[in-house]
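Participant: This is a predicted model, with the sequence first.
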Amino acid sequence: MSSKPSRVGACDTPSCTGDAETITPEGYVCETCAAEIAVHYEQARERDSEARGER
Ligand SMILES: [Zn+2]
């Protein structure tokens, strides 16, 4: 967990070195990662709606 010093405001995405700016269900991430996460969640929500027969 504390193998490396965590910069305050660093993106929570392990492969990303951006500055965290947005809180998401995945953690505190930069705007780029937040946008990707938002897309994933939107797609998941659409899949759920289709699975329930909601249109
Ligand atoms: Zn990021």
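Facilitator: Good, I have the coordinates. Residues are numbered from 1 along each chain as shown.

Participant: mind checking how far the spatially most central residue of the chain is from residue 50?
Facilitator: Centroid-nearest residue in the chain: residue 37, 3.9 Å away (criterion: CA atoms, centre = their mean). Using CB to CB, to the nearest Å, one gets 21 Å for the distance from residue 37 to residue 50. (Glycine included, C-beta is placed from N, CA and C.)

Participant: Then residue 42?
Facilitator: For residue 42, the distance to residue 50 - CB to CB - is 13 Å.

Participant: Show me the shaky parts of this structure.
Facilitator: For the chain, the stretches with pLDDT under 70 are 1-8, 55.

Participant: Please list the residues of it that sit near the ion.
Facilitator: 11, 13, 16, 18, 29, 30, 33 (CB under 5 Å from the ion).

Participant: Recalculate using a threshold of 8 Å.
Facilitator: Contact residues of the chain with respect to the ion, defined by CB under 8 Å from the ion, are listed as 11-13, 16-18, 20, 29-34.

Participant: Can you say which two of those residues are spatially most distant?
Facilitator: 17 and 34 (15.1 Å; CB to CB).

Participant: of the two, who's got more company?
Facilitator: residue 34 (21 against 10; other CB atoms under 10 Å).

Participant: State whether that one and residue 21 are indeed in contact, as I suppose.
Facilitator: Yes - look at residue 34 against residue 21 with CB atoms under 8 Å: they come within range, at 7.3 Å.

Participant: For the residue lying closest to residue 18 once chain neighbours are set aside, give me phi and psi.
Facilitator: Of all residues not flanking residue 18 in the chain, residue 30 sits nearest, at 3.2 Å (CB to CB, 6 or more residues apart in numbering). Main-chain torsions, residue 30, degrees, to the nearest 10: phi -80, psi 170.

Participant: so what's the backbone phi/psi at the closest residue to residue 26 other than its chain neighbours?
Facilitator: Take residue 26 and drop its neighbours on the chain: the residue closest to it by CB to CB, 6+ apart is residue 37, 5.1 Å away. With angles defined as degrees, to the nearest 10, residue 37 sits at phi -60, psi -40.

Participant: I'd guess residue 36 is in a helix, am I close?
Facilitator: Yes - assessed by DSSP: H, G, I helix; E, B strand; the rest coil, residue 36 belongs to a helix.
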